[in-house]
Structures are given as structure tokens and as C-alpha cells.
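>>> requesting a structural model of the entry that follows:
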Amino acid sequence: VQLVESGGGLVQPGGSLRLSCAASGFTFSNSAMSWARQAPGKGLEGVSGIYSDGSTYYLDSVKGRVTIPRDNAKNTVYLQMSSLKPEDTAVYFCNAKPFGPPPPRDYWGQGTQVTVSS
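Model prediction:
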């Protein structure tokens with residue numbers, strides 16, 4: 001199983017970024033995918049998620065600024081972020097929870113750094 005994030009970088013406040021998470025080794029279309037982040041000195045925080053049926057959820061502080069489209073043909077989930085703020089600075093991690101019999105499976109990528117600064 002592999003989750004490979006990309007698209008992070010340095011962006012000015014108010015700017016946009018699109019993170020990508022390319023998945024392999026499991027049935028992507030039947031998996032719940034999500035993004036979490038960890039800011040310096042803080043714990044892991046769930047940002048957004050999308051289920052296999054396309055339903056989504058968002059952290060309150062990113063609602064209206066973030067979307068989480070998925071492309072099942074490319075086994076890829078994205079995190080489209082706009083109106084970025086310095087407090088969005090964090091390492092962003094992709095997570096996959098494939099549907100299936102117990103025990104539950106839970107996979108993480110290596111993370112990609114997002115820095116929002118002028």
C-alpha cells in the first residue's frame with residue numbers, strides 16, 4: 001500500500017494550493033479518503049474527508065476555503081485550498097480507510113509541507 005502526497009509548498013496569505021494523494025495497493029474507489037494536518041508543536045487535526053459515495057466533511061475553520069475531490073479512475077484524492085491563512089501552515093497527511101471485513105485498515109502517507117507566509 002502506498003499513499004504519495006504532493007503539491008505542498010510556500011504560498012502567500014490569500015493564495016491557493018492543490019494537494020494530491022496518489023494511492024495504490026488497495027481498492028481506492030471503495031475507500032474513505034481524508035486529509036489531516038499537523039502544525040508545529042500541535043497534534044494531528046482532521047481537515048476534510050470524502051467517502052466512497054462522494055459525501056464529504058470539513059473542519060469548521062476550512063469550510064468554504066477547501067474542497068476534496070476524488071478521481072477514482074486515477075486513484076487520487078485532492079485537497080484544493082484557497083484563501084490560505086498563516087494558521088493553515090502544517091504538514092498535510094493523506095489517509096485511507098478501505099472498506100472491508102475486520103480488522104479495519106488505516107493507511108497514511110508521508111506528508112507534504114504547506115507554509116503560508118509573506
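
>>> distance of the residue most central in space within the chain relative to residue 118?
Central residue of the chain (Cα atoms, centre = their mean): residue 35, 2.6 Å from the mean position. Distance, residue 35 to residue 118, by Cβ to Cβ, to the nearest Å: 24 Å. Heads up, the C-betas are built off the backbone N, CA and C, glycines and all.

>>> how about the helix or strand harbouring residue 20, which residues are buried there?
For residue 20, the element it lies in under DSSP states H and E is strand 17-24. When burial is assessed from 16 or more other Cβ atoms under 10 Å, strand 17-24 yields the following buried residues: 17, 19, 20, 21, 22, 23.

>>> what of stretch 62-81?
Neighbour counts over stretch 62-81 (16+ other Cβ under 10 Å) mark 62, 66, 67, 68, 70, 75, 76, 77, 78, 79, 80, 81 as buried.

>>> thinking again about what came up before, Serialize the buried residues of strand 17-24 to JSON lines and add fields for distance to residue 105 and pLDDT.
Below are the buried residues of strand 17-24 laid out as JSON lines (distance: Cβ to Cβ, whole Å; pLDDT from 0 to 100):
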{"residue": "17", "distance to residue 105": "28", "pLDDT": "98"}
{"residue": "19", "distance to residue 105": "22", "pLDDT": "98"}
{"residue": "20", "distance to residue 105": "21", "pLDDT": "98"}
{"residue": "21", "distance to residue 105": "16", "pLDDT": "98"}
{"residue": "22", "distance to residue 105": "18", "pLDDT": "98"}
{"residue": "23", "distance to residue 105": "12", "pLDDT": "98"}
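
>>> how about those residues, which pair is most distant?
Across the buried residues of strand 17-24, no pair lies farther apart than 17 and 23, at 19.5 Å, counting by Cβ to Cβ.

>>> who's residue 77 bridged to?
Beta-bridge pairing of residue 77 under DSSP bridges involves residue 21, residue 70.

>>> I'd say it and residue 31 touch.
No - using Cβ atoms under 8 Å, residue 77 is not in contact with residue 31; the gap is 9.1 Å.
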